[in-house]
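>>> Predicted structure and sequence below. I'll ask about it afterward.
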Amino acid sequence: MSERKLEILGLVPARGGSKGIPGKNLAVLGGKTLVARAVESGLESRFVNRVILSTDSPAIAEEGHRAGAEVPFMRPAELATDGAPTAPAVLHDGRNAQPVAAWAGPWPVDERWWDAARARRIARFQVHTADGRLVLLAVERRRWWLLAEYA
C-alpha cells in the first residue's frame, strides 16, 4: 500500500448549555477562558495539524476563533444535548473524515541513527476508527502518513 498524507484534527467540543457549571466554557481561569486553554493546547501539540471547535454557541465560537481554532460550522441542536457523543479526534485523508474510537502509541522509532546527516525520528500509532477500520499511521514533524490499513 502506498503512503498517503493525512491530517489529525484536534476537536474541542464546547457546547453552550452546560448544566453542571453554567457558562463554564467561557469562564476565565488564570487570565484565559477554558475554551482558549483547550484550543491553545491543541495548537501546541506536535501531533495535531488543525484544531476544530464544535459548538452550538456563537459566543463560544467567537472566543475559540480568537484563540486560533477553526469554527467551520455551528453544531446542530440535536448534537448539543447532554447525551450526544463526541470523538476525541478525527482522521481525515483528504477525502473522508472518520472519528477516532481508540488508539495505541506513540511508538517512537529512530531511523538511520548511525548517520547524523540522514537520521530521523518517526512516531507510529495504531488507530481504530469509528467505522471499524484499523490503520497504522506515522508522524514526523507534524506530517502524518497512512502506512497500512487492516481489515
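Received the coordinates, thanks. The structure displayed is predicted, hence computed values, not measured ones.

>>> Tell me the bridge partners for A102.
Going by DSSP bridges, A102 is paired in beta bridges with H128.

>>> pLDDT score for it?
pLDDT, A102: 79.

>>> Next one: it from W144, what distance?
A102 sits 17 Å away from W144, going by Cβ to Cβ, to the nearest Å. From N, CA and C alone the C-beta is placed, and that goes for glycine too.

>>> Repeat that for A61.
Per Cβ to Cβ, A61 is found 27 Å from W144.

>>> again, but for L11
Counting by Cβ to Cβ, the gap from L11 to W144 is 16 Å.

>>> any idea how the protein splits into domains?
In the domain annotation for the chain, the residue ranges read 4-91, 95-150 (automatic domain parsing).

>>> Is W103 in contact with Q126, as I believe?
Yes. The pair W103 / Q126 is scored as a contact, 6.5 Å apart, by Cβ atoms under 8 Å.

>>> A102 and W144 - which one has more neighbours?
Between A102 and W144, W144 has the larger neighbour count (other Cβ atoms under 10 Å), namely 23 against 11.

>>> Settle this for me: that one is touching N49, isn't it.
Yes. Using Cβ under 8 Å, W144 is in contact with N49, at 7.1 Å.
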